[in-house]
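Engineer: what follows is a predicted protein model with its sequence.
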Amino acid sequence: MIKLVGLIPLLPLIGFVIIGLFGKKLSKSIVGLVGSGVIFGSFALALAIFFELKGGTQKEFTIDLFTWISAGKLSIPFSFLIDPLSSLFLLIITGIGFLIHLYSIGYMSHDEGFARFFAYLNLFIFFMLLLVLGSNYLIMFVGWEGVGLCSYLLIGFWFKNTAYNNAAKKAFIMNRIGDLGFLMGIILIFITFGSISYHEVFMQANSYSSGTPVLTVIALLLFVGAMGKSAQLPLYTWLPDAMAGPTPVSALIHAATMVTAGIYMIARSNILYSLSPVAMQTVAIVGACTALFAATIGLAQNDIKKVLAYSTVSQLGYMFLALGVGAYTGAVFHVMTHAFFKALLFLGAGSVIHAMGGEQDMRKMGGLKKYIPITHLTFLIGTLAIVGFPGFSGFFSKDEILAHAYENNKLLWVLGILTAAMTTFYMFRLYFLTFKGTFRGTHDQEHHLHESPKSMTIPLVILSMLAVVGGLIGIPEVLGGKHFLEEFLKPVFADSSSRIIFHLPESTEYMLMIVAVAVMATFLYSAYTVYVKNKTLPAAEGEELQPLHKLVYNKYWIDEIYETIITKPLNFISEALHKVVDNQIVDGIVNGIGYLVNWTSSTIRLAQTGNIGFYVFVMVISIVLILFTRLM
Amino acid sequence: MSIIQTIPIEWYLFLSTVLFAIGVFGVLFRRNAIIIFMSIELMLNAVNLLLVAFSSYLSDSKGQVFVFFIMAVAAAEVAVGLAILSMVYRNTNSPDINNLNKLKW
C-alpha cells in the first residue's frame, strides 16, 4: 500500500485537470462527483497507509519517484516521506477536504463558477498533499507556494468584487513576505548541511550542540515563513480579510489545513528548534501574544465569519505556543482537533449564512435555533469543543498545551488561560447572538430561513462527531487514559523529546485542569448573562463606543497603521523611483540613444546632395587621401 | 630594342601623369557631360600608354593584352554612355550635369 502513495496527490491533480479542462461542458453533478470522488480516493489510500504504518514496525518510508534536479553538488530527488506525522496530516487534509467538497456541492450549487471552484479546490488539495508528503524542503516549498496560489485564487473567487480582489492580493503579498524568510531558511540549510532532505539535515543537526548560532538563524528564518502562512503577529492581517472567499474555502484553507502548514513545518523541523532555545522562546512568545491579541479583537467583531477568523488566528497562536514550549505532540494534536471543530464552525457559519440569504452580520440574526436545528446542534458542539468543555476534543488538546506552557513559563500559561477565557466569551457571544433570542432580521429574511440541503448537513454531522470524539486519541495519563497520539508520533519527535523533558506533578496537572474549566465556566456564564439574560446587543453601526471598545472594534487600527508606515512609504518610494529612475534615467538613456541616431542620420543625410560633381570630387579627394596615407 | 624604348621611361611617366591629371580635372571642373566623358577617356588612355610603355621595357606582353581589354571595355562603355547622354539631353535640353541633382534625400 505504501508504494501507492504517489496516487494520493495524483488523484486530486487528475481531478483538477479534468474539471479545469472540461468543467464547462460537464454538468454540475458530474463535476461535484469527480471533485469529491478523487478526494475520497485519496482519503481511502491515506487511511490504508495510516493503518499500515500504525500496525507495522517500520515507521518511516521514503518513496523515490524520480530525480528532479541534479546540478553539481545539488541533487534533489522527487520523493515522498511517509512517517506518522505526514500520514496524520494526510488524513486530516483528505478527510476534512472530502467533507468540505461534499458540503460545497450544496453550498455552491447556485454559483455559476461551480466547476472553477472545484478545480481550484482540487488543485489546493494537490499542493497541500505535496507540502506534507515531500521528503525535502524544496518539495515542501513547492507545495507551500502552490497552496498560497490556490488561496489567492479562492479568496478572489468572486473576482467581480474589488474588495475581494484586494483581500486576495493582500493575502498573497503578505504570504510572500513570509515565503522570503522560508526560502532564505532553505538556502541557509543547504549552505550549512549541504543537503535539503529532511533525513540528511536532521541527522547532521543532531550532532550540533544546543544554541549554535546558525541553527538559531535557520530556525528563525523558517519561523518567518510560518508566521506568514499561519497568520502570526505581525503578518496575520491577511487571514481575517481572507474571509472574502466562499465559506467552504474559509473552512478548508483558512482554518483547517493551509494555515496549519506553518505548524507542520516547525513540527517537521522540530530538532532544529529543540537545539535553539532562542528560537523556541521566540516561537512561544509570538504564539502566545498572537493568541491573546487576536482573541481580544474577536470579542468585538459583529461579522460571524470575522469572529471565526480571529478565533483561527488565536488558535494558531496556541499551536505556536505549544511548539515553542516543546509540546510538539500537543501542537499536532491541537492542529487535528482544531481542524475538526473549526471546519465544523465555519461550515456551520456557512449554513447560517446560506439560511440568511448571504447576511453575515450577527446583529441581524438571533433565534435561529428553531429554524435550522441541525446547524444549531452541530454549531453548539463545535463551540463547546473550541472553548474546551470537558470531554470535548478541544479540552484535551488545549489542556496539554497549557500544561506544557505552565511548566515552561508561568507567564505564558497566564497568557494562554486569558486567551481561553476570551475564546469562551466570544464564541458564546457568537452562539447566543446567532441562535438564541428573537430574530432581528427583515421580514423577507425570516421568510427565507430554511435548513440547508443534505449535502451540507451530513458533513456538519460527521464533523461534529469528530469534534466530540477527536480528543479521545490523546487523553492525558493523569485522567487514566492513554495518549495514543503521543505514542504514534514518538518516532518523529524522538530526537527532540530526549532534549526537552516534561514533568509535572499529578496534583499540578489536576489543578491546571480545574482552573481551565473554572475559567471557561465563568466566562460562559458571563456571556450568558450579557447576551441572553440582559439581551444586550452589540452597538449598531455609527454608535459612539467606549475608547477601549473602539480600539478593539477597529482591530487596534493595525491595518491602518500598516497602511501608514509600510504601504504608503512603499508606494511613495515606488512613485519616486518611477518618476525619477524609470522615467528620467532609464527612459532617458533609451530615448537618448534613439534621438542620437536620428540626429546623426539627419545631419549626415545633408551630405547626399544629388550633385554628381560633388560626389566625384569627394571620391577623388578620398582616393588621393588614401594613396597619400598608404604611400607615406 | 623597339622604337618605344628610344624614349626614356620617365618621359612616358610624366606624359601619362599629365594626361591623367588633365582627365581628373576635366571630370571635376567641367559641367558639360560630353567633355566629362572625353576626360574619362583621356584618363583611360593615360593608363593605356603607361601599360604599353612598361610592357615594352619589361619585355612582358601581358601589359599589352591588358590594353586591348581596356580598349574593348571602353568601346562598350562609350556605347552605353553616349546612349545615356543622348537621353539626358532629350529630357533636359542641355548637356549640363548639374541639372541631374534629383537623386537625393
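Structural biologist: All right, it came through fine. In this text the structure is predicted, and so the values were computed from the model without any measurement. Residues are numbered from 1 along each chain as shown, chains lettered A, B, ... in the order given.
Engineer: contacting residues for residue B:63?
Structural biologist: Taking CB atoms under 8 Å, 6 or more residues apart in numbering or on different chains, we find residue B:63 in contact with B:51-52, B:54-56. Backbone N, C-alpha and C define where each C-beta goes, glycine included.
Engineer: list the contacts of stretch A:158-170.
Structural biologist: Here stretch A:158-170 has contacts from A:113, A:152-153, A:155-157, A:237-238, A:241-246, using CB under 8 Å, 6+ apart.
Engineer: rerun that using 6 Å as the cut-off
Structural biologist: A:152, A:155-156, A:238, A:241, A:244 (CB atoms under 6 Å, 6 or more residues apart in numbering or on different chains).
Engineer: same check on stretch B:17-25?
Structural biologist: B:39, B:42-43, B:46.
Engineer: any idea of the mean pLDDT in it?
Structural biologist: The average pLDDT within stretch B:17-25 is 93.
Engineer: do stretch A:163-173 as well
Structural biologist: Confidence over stretch A:163-173 (mean pLDDT, whole number) is 88.
Engineer: just the C-alpha atoms of that stretch, please, in PDB.
Structural biologist: The C-alpha trace of stretch A:163-173 is given here as PDB (Å, rounded to 0.1, in the frame of the first residue of the first chain):
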ATOM      1  CA  ALA A 163     -12.800  44.400  -2.200                       C
ATOM      2  CA  TYR A 164     -12.500  40.600  -2.600                       C
ATOM      3  CA  ASN A 165      -9.700  41.000  -5.100                       C
ATOM      4  CA  ASN A 166      -7.900  43.400  -2.800                       C
ATOM      5  CA  ALA A 167      -8.200  40.800   0.000                       C
ATOM      6  CA  ALA A 168      -6.800  38.200  -2.300                       C
ATOM      7  CA  LYS A 169      -3.800  40.400  -3.200                       C
ATOM      8  CA  LYS A 170      -3.200  41.200   0.500                       C
ATOM      9  CA  ALA A 171      -3.100  37.500   1.400                       C
ATOM     10  CA  PHE A 172      -0.700  36.800  -1.500                       C
ATOM     11  CA  ILE A 173       1.600  39.700  -0.800                       C
END
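Engineer: list the contacts of residue A:395.
Structural biologist: residue A:388.
Engineer: do you know the pLDDT at the spatially most central residue of chain B?
Structural biologist: With distances taken as CA atoms, centre = their mean, residue B:41 lies nearest the centre of chain B, 2.4 Å away. pLDDT recorded at residue B:41 is 92.
Engineer: which secondary structure element is home to it?
Structural biologist: helix B:33-57 (DSSP states H and E).
Engineer: burial count for residue A:94?
Structural biologist: Neighbour count for residue A:94, taken as other CB atoms under 10 Å in any protein chain shown: 29.
Engineer: mind checking which helix or strand it is in?
Structural biologist: With DSSP H and E as the test, residue A:94 turns up in helix A:84-107.
Engineer: and after the host helix or strand of residue A:595, which helix or strand comes next?
Structural biologist: Taking DSSP H and E as the definition, one finds residue A:595 inside helix A:587-604. Using DSSP H and E, the next helix or strand after helix A:587-604 towards the C-terminus is helix A:612-631.
Engineer: need the residues that contact that following helix.
Structural biologist: Under CB under 6 Å, 6+ apart, the answer for helix A:612-631 is B:27-28, B:97, B:100.
Engineer: my guess is residue A:301 contacts residue A:307. True?
Structural biologist: Yes. Look at residue A:301 against residue A:307 with CB atoms under 6 Å: they come within range, at 4.8 Å.
Engineer: neighbour count for those two, which is higher?
Structural biologist: Remark: of residue A:301 and residue A:307, residue A:307 carries more neighbours, 26 against 23, as counted by other CB under 10 Å.
Engineer: what residues are up against that one?
Structural biologist: By CB under 6 Å, 6+ apart, the contact set of residue A:307 is A:298, A:301, A:426, A:430.
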